[in-house]
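> here you go, sequence then predicted model.
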Amino acid sequence: MVRGIRLGSPPRPPQTYHMQERYAQHKRKSRWCKRPPLRFVLIWAAFVFVLTVLYKVSHDTIRQPLSGYKIGWQAHDKISVRPDLKSISQAQNGEASNGATAQEAWDSEALDSSLDPSFPLDAYAPLLPNPAPITDITVESCSLLSLGPCLPRSSQLKEANLGRWVRVERPLGADTAAQKGRGALGGGVFDKLFGNIESRYIFYRRSRRAGVRKVVDVKIVKANQPAPGTREQGWHRTKKDLGTPFFRMLGTGEEVHLWFQTVGGHKGDDEEDDAPIASPGQHHNRPGHTMDDMFKEIDDEFRHMIAGDGKGKTEVIEIIGREKGKQLGKVARETLSRQSTQQDAITEIDLVYGQNEAFPGFTIVGQISPAKPSMSMVSVSLAVRRRPEPDPTSPIAPTFHQDGKFKIMQIADLHFSTSPEPCRDTLITPCNAKTMTDLMGQWLDEEKPDLVVFSGDQLNGQGTSWDERSVLATYLKPVIDRKILWTSIMGNHDSQTGVLTRRELQLLLSHMPYSLARAGPANLHNGTGAGNYYIHLRAPTPDATHLFSLYFLDSGVKAPVAGMGSLLPWSFFGISASKGYDWVRKDQIQWLLDQSRKVVKHIVPYKPDGGKDLGRIWAQRRQDQDYSRLVTTRRSDIRRDDKTWDAHAAQGSGGRKPPALLWVHIPLPEFFSPVDKNELGQDMIIGPPQGETSGIKGAQKEGGLYDALQGQGAENDVVGVLSGHMHENADCRRIKGIWMCFNGGSSLLGYGSTKMERRVRIIELEQWGEKINTWHRYERTRGRLDEATLWEMFPAKGKH
């Protein structure tokens, strides 16, 4: 046997030098694959670290200061002022108890002002009317790399007396706030990473305890400005300034401190203050300033006070002539303290980004940082609330006027932004958000509507409306200042940018003053819908008959991507693979049909009951109940000629449903269907020709709602569907008996055309809702434009 050759196998030919070298290289490559190089491991670890940090930044899981707290600390029986969402959802679905209608249950739950809540002290909830005063304020840096919750130092004694620290969940740096709001739509990886490593926040304490100190004033003071007061007057300064480290490192920021004044309290409350009060120019520590000089200044201040409004005159008379010394200083401090006590304590703190309005009830007290247009940074301002005001919508229910009229104004596609954005497609210069709110005020003053409907895209999205609260307060100010009821639905841009989900944003709107908006059932639109609800308009007479319905449906954002499209790589960076717009889903349609089916019929034409024989009973009830409770009163207790009288039963025999209008932001596909013709063969179209070239591509991707309405036959109560979305369409057209109306773009901040004026649509209900008129108000042209009668329950002969 030849050595090296196996039995049963052919002999191996001798290997050349090149073959041996190739075999050696192959073995080295095998070892390389089995043990990856250190360079590859480091790159992979760095990539995983960056992804982890980005996840933490977007979810804010590290810096939450309240994660370890228990609900109910220093709380009473209840901690929420919101009505039971489950009961309201049942009311919307008609599951009202003890014989009440769905609308009555809704009104009694959502508009009842007799709740006696107990508000949480250790959670930041600026929309709750929490009357507990703030007792302490500080500024703290929250680092992404910190291992524990971001909280200032404290002690058990301080927490027992002054309360626990609460973080104002709004960064002091506009850059950080913008990155949180823009999400995947703004900034690169390094901008998101390094722009959020350290952020500064305001913290405060609040307490219900009697006798603790209260914060009554706050001021923003720059480094080169004198202090607003002395420690004896109750002024304190935060140790850390309000500026962000990022701007100070670049040399573009200046040191700005927050000063706050307190009254009352105990001696131990001032321990562990952030910084001593020592500022040049104050009379208590100026070089060569004697006690006699100080007393003289105090006397001069008191004499000036007497010469002014005379407040505190008794205390001044008691002081003048006393022995000067420590006793005088003590009395002077007590006098100043008594004067400060007359001020309302500060109960909440908020931040406003950009040149926007403070939230209702808040007042802007100073600017923390100016705008930096070269760095695309907006200004940041400090706002405070003193005495919380009750919700003015509580005792109000929408009713017709005594003449049987009710006027609605639709405002469409405002496209407001947190950052200053220029106007588009207009000849007006200069033009900005203030120009638009002035135009809204002009329309409101001209028409004086009973209800304003914002039909979607109030926010611009697209990376510019990254702080919703700052924007809401700005575009709602003209309506709230005029104390006009309003409601709204969501458009495809409203939830595109910002820190709130679609439902959270609609809930926020529902808590605004004079708002009739509701979030509606949470399970609709496949669990993502927000703003599916209704409003019933009632008679102003004691019977409070339901005469007209307003329905609102959420038309969504983008059409969902089928299959694996949502997992494409670019979808993680905010780039959608969707084609077309979302649509009203089947569960929403079924919910609408259920609500329509439960509406009580009444005899038409409606004639209001004078109720003269019931005047004594109704007057007695008005003494104990407001109108909202009056609507929900069981009418089975009222008798006429020894017979039970029920307005609904009396007017439900042989009657018909109250007519209704339906609002959706994105138009139905049927908006572009063939138009009905009148007796003369003319197309039934009101208003200017459509200017949008996209046509049906700009409508909802799928239908179903229109067919469901038609399927009701004679039981259908919806006589008109109104929408926005397409700014250059402003006509109404009747399609198979139902009117389809565009509003036209209302805002100078959204796209449009210089040849087409911005406008709002007016819907006027006459004859207790049995006749509907409509017209436009234009941007420049005065008077009513495109005026017509849209629908009549009983048209005159020859008029259709």
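Great, that's in hand.
> so who does residue 720 touch?
661-662, 732, 738-741, 772, 790-791 (C-beta atoms under 8 Å, 6 or more residues apart in numbering). (Each C-beta comes from the backbone N, C-alpha and C, glycine too.)
> now, which of those sits nearest residue 433?
residue 741 (27.0 Å; C-beta to C-beta).
> for the closest one, give the beta-bridge partners.
Beta-bridge partners for residue 741, by DSSP bridges, are residue 722, residue 732.
> how much space between it and residue 137?
51 Å (C-beta to C-beta, to the nearest Å).
> and residue 697, by the same measure?
53 Å.
> related to what we said a few turns ago, mind checking which of residue 741 and residue 137 has more residues around it?
Taking other C-beta atoms under 10 Å, residue 741 and residue 137 do not tie; residue 741 has more neighbours (26 against 22).
> for the more buried one, report the pLDDT, please.
Predicted confidence (pLDDT) for residue 741: 97.
> what would the contacts of residue 720 look like in TSV with distance to residue 123?
Converted to TSV, the contacts of residue 720 look like this (distance: C-beta to C-beta, whole Å):
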residue	distance to residue 123
661	40
662	38
732	48
738	47
739	47
740	46
741	44
772	46
790	48
791	49
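> buried ones only from the residues you listed, please, as a PyMOL command.
Filtering the contacts of residue 720 down to the buried ones (16 or more other C-beta atoms under 10 Å) takes a single PyMOL command:
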select buried, resi 661+662+732+738+739+740+741+772+790+791
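> for residue 355, state which of the contacts of residue 720 is nearest.
Closest to residue 355 out of the contacts of residue 720 is residue 741 (34.2 Å), distances taken as C-beta to C-beta.
> list the residues that contact that closest one.
By C-beta under 8 Å, 6+ apart, the neighbours of residue 741 are 720-723, 731-733, 761, 774, 790.
> how near is it to residue 734?
Applying C-beta to C-beta to residue 741 and residue 734 gives a distance of 10 Å.
> ditto for residue 608
For residue 608, the distance to residue 734 - C-beta to C-beta - is 30 Å.
> domain-wise, how is the chain divided?
134-289+342-385, 406-562+578-613+643-792 (automatic domain parsing).
> what's next to stretch 687-694, contact-wise?
Outside stretch 687-694, the residues that reach it (C-beta under 8 Å, 6+ apart) are 698, 726-732, 742, 753, 756, 776, 786.
> closest to residue 525 among these?
residue 698 (19.8 Å).
> may I have the phi/psi pair for the closest one?
Residue 698 adopts backbone torsions of phi -90, psi 0, taken as degrees, to the nearest 10.
> can you tell me, leaving aside adjacent residues, what's nearest to it?
residue 726 (5.2 Å; C-beta to C-beta, 6 or more residues apart in numbering).
> again, but for residue 426
residue 748 (5.1 Å).
> low pLDDT regions in the stretch 351-500 of the chain?
For the stretch 351-500 of the chain, the stretches flagged by pLDDT under 70 are 393-396.
> swap the cut-off to 90 and go again
Along the stretch 351-500 of the chain, segments meeting pLDDT under 90 span 370-377, 387-397, 419-422, 429, 462-463, 495-499.
> strands of that one, start to end?
Under the criterion DSSP state E, counting those that start in this stretch, strands of the stretch 351-500 of the chain are mapped to 363-369, 380-385, 406-411, 451-454, 485-488.
> so between residue 608 and residue 734, which is more surrounded?
residue 734 (22 against 16).
> quick one: contacts for the residue nearest to residue 461 when sequence neighbours are not counted?
Leaving out its chain neighbours, the residue that sits closest to residue 461 by C-beta to C-beta, 6+ apart is residue 496, at 3.0 Å. Counting by C-beta under 8 Å, 6+ apart, residue 496 makes contact with 185, 459, 461-462, 465, 557.
> restricted to buried residues, select those residues in PyMOL.
Buried residues within the contacts of residue 496, by 16+ other C-beta under 10 Å, are selected in PyMOL with:
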select buried, resi 185+459+461+465+557
